[in-house]
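Participant: Fold the stuff below for me.
(one chain, ligands or ions: 1)
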Amino acid sequence: LGTQPEAPHKIGLFGGTFNPVHIGHLRPCEEIREIFGLSSVIFIPAAMPPHKSRQIIPARHRFEMVKRAINDNPFFELSDVELRREGSSYSYETIDYFSARYDRAAELYFIMGRDAFRDMHTWKNYPDIFSLCNFIIMNRPVADDAGRQQTIPPDIADLFSPQEEGLYRHCSGRLLCFCEVSLIEVSSTDVRRRIEEGKTIRYIVPEGVSGYITQHNLFSP
Ligand code: ATP
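Facilitator: Model prediction:
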């Protein structure tokens, strides 16, 4: 009794462009936090996302909006690690940074949508990145059937062995988990389009975020 080592904390890492952050980011992460028993989820805005270039507003605005979006959730945190790094933002380096920071004190779970998972072959150090930490792939409303399935791309399928429904173990021992969250049909593109068209974004982004957008006149044509 009393000699059992404490289970390490589980920490979620949630990278994104957040241009701007919306409820489709927040609610699924809150559900994942609950399902996986994460002690916190760290939101990590990308400085210069290597795969996106259209209409991306300065990082400090995207950072400030995430800050306002999560400030009433004690389990959500914000990191500027990608903003402090020069050049492009690579998730590999970000995971590496948090692995070193937490060492054995925490198990890391990188959270992403299924669309991002499907694009991962374009990421730096793919597929080695799966040996760095655990991954949680959440569903997201998509137009095509492929996006609804819990599939591992064929080129890397050999690296994973199925454990149970939706759960795979990478050859490094790390986990890849597909997780079903509430489907929220919102994207940043959608939010930006509404603003451009002069439409309301109330209830699609938190109040503090829409206030910030109005105050700084962001995304308006
Ligand atoms: P854009 O429309 O500009 O491409 P986005 O809405 O996809 O942006 P990102 O900041 O690129 O937002 O997304 C960060 C992460 O959040 C990605 O892993 C993405 O898959 C996930 N995500 C975004 N929107 C949703 C949503 N509605 N439901 C579940 N996951 C989402």
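
Participant: who touches the helix or strand hosting residue 135?
Facilitator: For residue 135, the host element (DSSP states H and E) is strand 134-138. Outside of strand 134-138, the residues within contact range by CB atoms under 8 Å, 6 or more residues apart in numbering are 12, 28, 32, 36, 107-114, 117, 150, 174-181. Where you see a C-beta, it was placed from the backbone N, CA and C, and this is true even at glycine.

Participant: Show me the helices in the protein, by range?
Facilitator: Here the chain has its helices, by DSSP state H, at 23-36, 59-70, 81-84, 91-102, 114-118, 188-196, 207-216.

Participant: List the buried residues in the second one.
Facilitator: Put plainly, it is helix 59-70. 59, 61-70 (16 or more other CB atoms under 10 Å).

Participant: which of those sit farthest apart?
Facilitator: 59 and 70 (16.4 Å; CB to CB).

Participant: are any of the contacts of strand 134-138 buried, and which?
Facilitator: Using 16+ other CB under 10 Å, the buried ones in these are 12, 28, 32, 36, 107-114, 117, 150, 174-179, 181.

Participant: what sits against residue 194?
Facilitator: Counting by CB under 8 Å, 6+ apart, residue 194 has contacts 200-201, 204.

Participant: Okay, it and the ligand: tell me how far apart.
Facilitator: Separation of residue 194 from the ligand (CB to the nearest ligand atom, to the nearest Å): 12 Å.

Participant: okay, that residue: pLDDT?
Facilitator: As summarised for this prediction, residue 194 has a pLDDT of 98.

Participant: mind listing what residue 187 touches?
Facilitator: By CB under 8 Å, 6+ apart, the neighbours of residue 187 are 22, 24.
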